[in-house]
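Colleague: can't give you the sequence, but here's the structure:
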């Protein structure tokens, strides 16, 4: 069945790069996503990548996709204290599905130390 | 800026009582989703609507949960009777359509505590 796995915690120092990793099982997923959730808040879409791409860059965010290994990563350059949050990896369970019908991982809690 | 509105933000209820949550999607969004997020977990889809019709409710515990979107706009999710294990954040999301990659927008959620 579909499953998305993430490490639960990551701690970095302010100014360093953060790399959050994710593995997924559904090879038919057409889009893969990264969401951010701050304490007590809903989900904010950070970025997404189409499955025929292997990299996408958006300002401080870089997404790498290794479709062969079903591995997705999110790199945050120059991590700031405001980046402290839980980051969720998610995939669409069916081809052509919208971004609302998603399978989420359990989330990686990023802690940024000054 | 348009956003998905949910109410209440917080709800405490006793087990065996009924509880309801409301969601108002972004205007014009045909697709609406309800997710449940248990503490420490990722969100899990409960139900998906396309206009007023249910598209996917395979993960909805139908013995106690119900959802409706009568006029294809706002939606209500109900739990009756509530159980301790229902304590979670309930998130609503909406998107213009169900088409490939269409962006979904999430509300701030309703945090339910069952005591």
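Modeller: Alright, I've got the coordinates. Bear in mind the structure is a predicted one, so any value in this text is a computation, not a measurement. Numbering: from 1, shown residues only, chains lettered A, B, ... in the order given.
Colleague: okay, now the unreliable bits of chain A?
Modeller: A:1-2, A:29, A:93-100 (pLDDT under 70).
Colleague: what is the helix or strand harbouring residue A:12 packed up against?
Modeller: According to DSSP states H and E, residue A:12 maps onto strand A:9-13. Here strand A:9-13 is seen to pack against strand A:18-24, strand A:108-113 when contacts are counted using 3 or more Cβ pairs under 8 Å, 6 or more residues apart in numbering or on different chains; DSSP states H and E. The way it works is simple: take the backbone N, C-alpha and C, and place the C-beta from them, glycine included.
Colleague: mind listing what's buried along that strand?
Modeller: For strand A:9-13, a neighbour-count test (16 or more other Cβ atoms under 10 Å in any protein chain shown) marks A:10, A:12 as buried.
Colleague: any idea of the angle that strand forms with strand A:108-113?
Modeller: With axes from the mean of the first three to the mean of the last three Cα atoms, to 10 degrees as the criterion, the two stretches strand A:9-13 and strand A:108-113 enclose an angle of 20 degrees.
Colleague: distance from the chain centre to strand A:9-13, please.
Modeller: Put simply, strand A:9-13 sits 15 Å off its chain's centre (Cα atoms, centre = their mean, to the nearest Å).
Colleague: neighbouring contacts of the helix or strand hosting residue B:78?
Modeller: Applying DSSP H and E as the criterion places residue B:78 in strand B:75-79. Outside strand B:75-79, the residues that touch it by Cβ atoms under 8 Å, 6 or more residues apart in numbering or on different chains are B:18-23, B:25, B:32, B:34, B:46-47, B:49, B:64-69, B:86, B:90, B:92, B:112.
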